[in-house]
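> any chance you could fold what I've pasted below:
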Amino acid sequence: MNFIFFGSGEFSWIILEELLKNNYNPILIITIPDKINQQGKTIPLFFKEKVKKLGFKILEPQSLKDEKVKETIKENQPQFGVVAQYGKIIPKNIIDLFELGILNVHPSLLPKYRGANPIQNVLYNGEKLTGVSIMLIDELIDHGPILAQKEIIINEDDDFESLYLKSAEISKKLLVETLGLYLAHKIIPKAQDDSQATFCKKFKKEDSWINLNNEALKIYNQIRALSFEPGCFLEISLKNNQKLIVKIIKAKLISKDVLNINLGLKEIKKELYLMPKRGFILIEKIQPLGKRIMTGSEFLNGYRQKIIF
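Reported below is the predicted structural model:
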């Protein structure tokens, strides 16, 4: 059956690769245009570079409202579509072109965490359970009926990278399984309970800064949610009356309960710890602004004499 794939990131590639392994070959791939950095240099998309090597026909519109997009889709006569990390809202006049609708792979247990960045959001909020949902899209964000769901347990040491890959692995298998049943008319779509809906927080720059007046658990959840992107930062006072900004890359929650008087970084047995108002956190990887990523011990070797502990 003819289908069109919408995607743009690494998550998209993992899903598409599994579809190809199971003989689901799209007649067209719709992605987003390459990004341009501040220097005006084009940054090629990982997903698009992978797809190009396979020789698929690619469409990369600035907007799906462009009439040429509608005409191209109509010409290809797709029976269904698949969306995975595409990043744009698909308008109703485009959805209506697909005889069997468009299936969306969403990494949360809908109706919880509708919207962008659900993996970051569940970590930031300290959730113990998440999952993936295969749904049919409508004109609202992550609102359409559910075809299948699978739960994922969030371990205390899960961070964005580990949960992202875990979600992608489960999603790709669930999609292939669900697609076979759906195309065979063996699944009845189930409407979401809107009364239970929650929506993803859109993170701002201020969310990236660590506040030592927060408890260790809240800071730890902040680090594991945001360290990959946009980053999690701490300002440190130096002995020369200057400030050093560091990015916390990887950390481990050691205690939730110990009350601290002196807040900030502390060296214990040649290891680096973050001491907020309550509890403490082991810093495993850290990056001073403009420098390389290093372990907590390496950071101490270079900055021990400069920091006010």
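> and the gap between residue 193 and residue 4?
Distance, residue 193 to residue 4, by Cβ to Cβ, to the nearest Å: 30 Å. C-betas here are computed from N, CA, C, even on glycine.
> do the same with residue 141
As judged by Cβ to Cβ, residue 141 and residue 4 stand 20 Å apart.
> which one of those two has more residues nearby?
residue 4 (24 against 14; other Cβ atoms under 10 Å).
> for the closest residue to residue 128 other than its chain neighbours, which residues are in contact?
In space, and not counting its chain neighbours, residue 128 is closest to residue 154: 5.6 Å by Cβ to Cβ, 6 or more residues apart in numbering. Counting by Cβ atoms under 8 Å, 6 or more residues apart in numbering, residue 154 makes contact with 122, 123, 127, 128, 129, 130, 163.
> one more pass at 7 Å, please.
Residue 154 sits next to 122, 127, 128, 129, 130, 163 when contact means Cβ atoms under 7 Å, 6 or more residues apart in numbering.
> all helices for this structure, in order.
Using DSSP state H, the helices of the chain run over 10-21, 46-54, 67-76, 92-95, 118-124, 160-183, 216-226, 296-303.
> tell me the contacts of the residue of the chain most remote from its centre?
Going by Cα atoms, centre = their mean, the residue of the chain most distant from its centre is residue 240, 39.2 Å out. Applying Cβ under 7 Å, 6+ apart to residue 240 gives no contacts.
> any idea how far it lies from residue 298?
Counting by Cβ to Cβ, the gap from residue 240 to residue 298 is 21 Å.
> got the contact list for stretch 70-79?
Contacts of stretch 70-79 (Cβ under 7 Å, 6+ apart): 1-4, 27-28, 59, 93-94, 97-100.
> out of those, which end up buried?
Neighbour-count burial (16 or more other Cβ atoms under 10 Å) applied to these gives 3, 4, 27, 28, 59, 94, 97, 98.
> strands of the stretch 101-250 of the chain, start to end?
102-106, 129-136, 146-153, 233-237, 243-259 (DSSP state E, counting those that start in this stretch).
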